[in-house]
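1. predicted model and sequence follow; I will ask about them next.
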Amino acid sequence: MPTVAGLGEKASDVMDHASERLPGAASRTFAILLSRLPAVDNRPGLISFLIDGAGEGKPGGRPAALTDAALRGRLAHFDAHSANEIAAIRKALSVENGTTTVYENWGALDICLRFWYGFVGSRIRPIESACEACGQLNRGSVGGSVGESFLRLCRCGQVSLITVPNHMPASAAPAR
């Protein structure tokens, strides 16, 4: 049975590195490129992100997408961004194809990647769906809470409602 964090305990491996975000700690600034994907059926699209790992000699991770709620959670988590900065980010992403860059200080690229891709409650996970109209398999890496839904547009024009699944292995799932 997996350990569940209780009061005063760290909720993830990323939290073990929270001190590496504090002022005065040796850190590097990483750019997180955010872009609003096209709207689907008059609903805002997901937000794509990519972490620029320039200077680390390795790529900064794979492109992925977030729901609005998943992005807000990441931005607010360590209080690393002021309310004015978050408002400016939200405004830039409020328009279709809007883009902005967020800068964050981390001890190392791998810690930044772990935080953005493994955020507790909305980690980036592969999500597959088959189009009901043409049968084409659609794949993407999306960060959203289990049970949260978003729209996906197939190349054939069919709009599908996708719900973030619970990826618990069968052995770890609670018995009914």
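-> Right, received. Where do you want to start?

2. which other residues reach the helix or strand harbouring residue 127?
-> Applying DSSP states H and E as the criterion places residue 127 in strand 124-130. Strand 124-130 is contacted by residues 64, 66, 116-118, 136-143, 152, 160, 162, 164-165, 167 when judged by Cβ atoms under 8 Å, 6 or more residues apart in numbering. In this view, the C-beta of every residue, glycine as well, is placed from N, C-alpha and C.

3. among those, which are in strands?
-> Under the assignment DSSP state E, the contacts of strand 124-130 contribute 64, 66, 137-143, 152, 160, 162 to strands.

4. can I get those residues in a markdown table with distance to residue 35?
-> Output for the ones in strands among the contacts of strand 124-130, formatted as a markdown table (distance: Cβ to Cβ, whole Å):
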| residue | distance to residue 35 |
| --- | --- |
| 64 | 12 |
| 66 | 11 |
| 137 | 24 |
| 138 | 19 |
| 139 | 19 |
| 140 | 14 |
| 141 | 15 |
| 142 | 14 |
| 143 | 14 |
| 152 | 17 |
| 160 | 22 |
| 162 | 19 |
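
5. any of those residues buried? List them.
-> Neighbour-count burial (16 or more other Cβ atoms under 10 Å) applied to these gives 64, 66, 138, 140-143, 152, 160, 162.
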